[in-house]
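Peer 1: Need a 3D model of the sequence below.
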Amino acid sequence: MYSACFDHLVLLAPGPAGSTGGGIRRIELPHDAGSPLARFAAGLLGRDPAILRRLAPGVKTVLSVVRDVARTHAEVTVLYEDLVTAGGLAELRSSHLQVRTIARCHNVLGEVFEGLGRGVARIPWAWERGRIRRFERQTVHRLDRVWTLSGRDAEEVLRRYGRAPDGVLPVAIDVDRYGGVPPGDPSTVVHVGSADLRKGHGLRWFLDAVWPDVRLAAPDARLVLAGRGTERLRRDAAGVSGLGFVEDDREVLRRGTVFVNPQQVGSGVKIKSLVAMAAARCLVTTPKGVEGIAVHPRVHCHVEQDAQAMAARIVEAVGAPARALAVGRAGRQFVSAAHAPEVVMAAGKRLLDPGLSGARTAPRG
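Peer 2: As a prediction, this is how the structure comes out:
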């Protein structure tokens, strides 16, 4: 998307260096490849939040690349794709390079880990949340421009940190990629997403509180889970399959007509919900699952927080395939109109035009 907005684009990210096409040069960003749990434990005694540890080894690489680009280009923009990648912003500011800095916040980091931990386990999570909020507050005031993925997140950044974001740049979904996914078995419910400590919280709630009621009313219903860690959630007697990691999410989406996203915690736009609608699946989710997405419940998807109500919506969708398909089609139309790449690209150009003139070296605040 950004290649249409800049004359020269350098992508710094974990993974091999090289060209990604479209005139984009990719540079490998050194990173900590250890497990998230190990990084969390190792970072508990530090000042910075543990979520920054993965990309911390790459801070010097970012500074070096920006210096090289600034030597040959009069106007340089450093665009952080998600605030968590801006861990080296203070160092960049102190370098006095003539660059403009922008961050596109994928979520409000201070909300991401809310609700996690029980008993004494809540203590380290509370400590991490405090460090995240301090980092987030400092960073949004150091940046030249801040974008969010939704209006709701923009309001939350303003409320929490006193900085009004400069615009909203939504998530882009490749609607063409999911256009050819055929309707699946009406009695099969699918979910694609990792089941780690944070994201798996909603899945475990769903399996314990919602799925038993679905099976009681619809004994033939089946649930197919895919994504890292889902193999541990397999329950054969309850009709639950756990496939683990899959290469192509479309192979899972085509198995069913109904998609469930029982998100309980977290912030930001839930991409899995947008993907489900783009594939014309009948999405059944929680309010968290469509937070920041301007859908109309019962038209584009079904939204329920209560376990019994969610079970009822799933049973209703399984029992009335034509209605489920209609909801799925409406969801796809919504995503095509609001999140197609060309729609987001146009929004990006509008946001970048006034943001590329001039540069500032003094930090905000």
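Peer 1: Show me where the stretch 201-350 of the chain has its strands.
Peer 2: 222-226, 240-242, 256-261, 282-285, 302-303 (DSSP state E, counting those that start in this stretch).
Peer 1: tell me which helix or strand of the chain sits lowest on mean pLDDT?
Peer 2: Ranked by mean pLDDT, DSSP states H and E, the weakest helix or strand in the chain is strand 18-21, scoring a mean of 61.
Peer 1: so which strand or helix has A42?
Peer 2: For A42, the host element (DSSP states H and E) is helix 36-43.
Peer 1: can you dump the C-alpha coordinates of that helix into CSV?
Peer 2: Extracted in CSV, the C-alpha atoms of helix 36-43 (Å, rounded to 0.1, in the frame of the first residue of the first chain):
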residue,chain,number,x,y,z
PRO,A,36,7.1,-14.7,24.1
LEU,A,37,6.9,-16.2,27.6
ALA,A,38,10.7,-16.2,27.9
ARG,A,39,10.9,-12.6,26.7
PHE,A,40,8.2,-11.7,29.2
ALA,A,41,10.0,-13.3,32.1
ALA,A,42,13.4,-11.8,31.1
GLY,A,43,11.9,-8.4,30.7
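Peer 1: could you point out which element follows that helix?
Peer 2: Next helix or strand after helix 36-43 toward the C-terminus (DSSP H and E): helix 59-72.
Peer 1: Could you list every helix and strand that the helix or strand that that following helix is followed by packs against?
Peer 2: Using DSSP H and E, the helix or strand that follows helix 59-72 in sequence is strand 77-81. In terms of contacts (3 or more C-beta pairs under 8 Å, 6 or more residues apart in numbering; DSSP states H and E), strand 77-81 is packed against strand 100-105. Where C-beta positions appear, they are placed from N, C-alpha and C, glycine not excepted.
Peer 1: Direction included, what does the strand it packs on pair up with?
Peer 2: Its sheet considered, strand 100-105 pairs with strand 77-81 (parallel), strand 145-148 (parallel) by DSSP bridges.
Peer 1: could you dump these to TSV with mean neighbour count, distance to P212 and mean pLDDT?
Peer 2: Formatted as TSV, the strands paired with strand 100-105 follow (neighbours: other C-beta atoms under 10 Å; distance: least, C-beta to C-beta, whole Å; pLDDT from 0 to 100):
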stretch	mean neighbour count	distance to P212	mean pLDDT
strand 77-81	20	40	91
strand 145-148	24	38	93
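Peer 1: so where's the stretch 251-365 of the chain uncertain?
Peer 2: Applying pLDDT under 70 to the stretch 251-365 of the chain picks out residues 266-269, 354-365.
Peer 1: Recalculate using a threshold of 80.
Peer 2: Residues of the stretch 251-365 of the chain meeting the criterion pLDDT under 80: 265-269, 353-365.
Peer 1: again with the stretch 51-200 of the chain
Peer 2: Within the stretch 51-200 of the chain, the ranges that satisfy pLDDT under 80 run 107-127, 196-200.
Peer 1: The strands of the stretch 201-350 of the chain: which one's closest to A276?
Peer 2: Closest approach to A276 among these is made by strand 256-261 (3.8 Å; C-beta to C-beta).
Peer 1: Give me the angle between that closest one and strand 222-226.
Peer 2: 60 degrees (axes from the mean of the first three to the mean of the last three C-alpha atoms, to 10 degrees).
Peer 1: Which strands or helices does the longest helix along the chain pack on?
Peer 2: Longest helix of the chain, by residue count under DSSP state H: helix 122-142. Judged by 3+ C-beta pairs under 8 Å, 6+ apart, helix 122-142 is in contact with helix 89-94, strand 100-105, helix 109-112, helix 151-161.
Peer 1: run the last query once more with 7 Å
Peer 2: In terms of contacts (3 or more C-beta pairs under 7 Å, 6 or more residues apart in numbering; DSSP states H and E), helix 122-142 is packed against helix 89-94, helix 109-112, helix 151-161.
Peer 1: picking that back up, give the buried residues for the next helix-or-strand element following the least confident helix or strand of the chain.
Peer 2: Next helix or strand after strand 18-21 toward the C-terminus (DSSP H and E): strand 24-28. The neighbour-count check on strand 24-28 (16 or more other C-beta atoms under 10 Å) flags 26-27 as buried.
Peer 1: by how many degrees do strand 24-28 and helix 59-72 diverge?
Peer 2: Using the same axes, to 10 degrees: strand 24-28 against helix 59-72 is 150 degrees.
Peer 1: Now do strand 24-28: which elements does it pack against?
Peer 2: strand 9-13, strand 18-21.
Peer 1: Which neighbours in the sheet does that strand have, and how are they oriented?
Peer 2: strand 9-13 (parallel), strand 18-21 (antiparallel).
Peer 1: quick one: H31 from T139, how far?
Peer 2: Distance, H31 to T139, by C-beta to C-beta, to the nearest Å: 19 Å.
Peer 1: Comparing these two, which residue is more hemmed in?
Peer 2: T139 (24 against 16; other C-beta atoms under 10 Å).
Peer 1: contact partners of the helix holding A42?
Peer 2: Residues outside helix 36-43 that contact it (C-beta atoms under 7 Å, 6 or more residues apart in numbering): 32, 50, 53-54.
Peer 1: now it: how far from the chain's centre is it?
Peer 2: Distance of helix 36-43 from its chain centroid, counting by C-alpha atoms, centre = their mean, to the nearest Å, is 21 Å.
Peer 1: do stretch 80-87 as well
Peer 2: 13 Å.
Peer 1: Touching that stretch from outside, list them.
Peer 2: Stretch 80-87 has contacts (C-beta under 7 Å, 6+ apart) with 48, 51-52, 55-56, 59, 103-106, 109, 136, 139.
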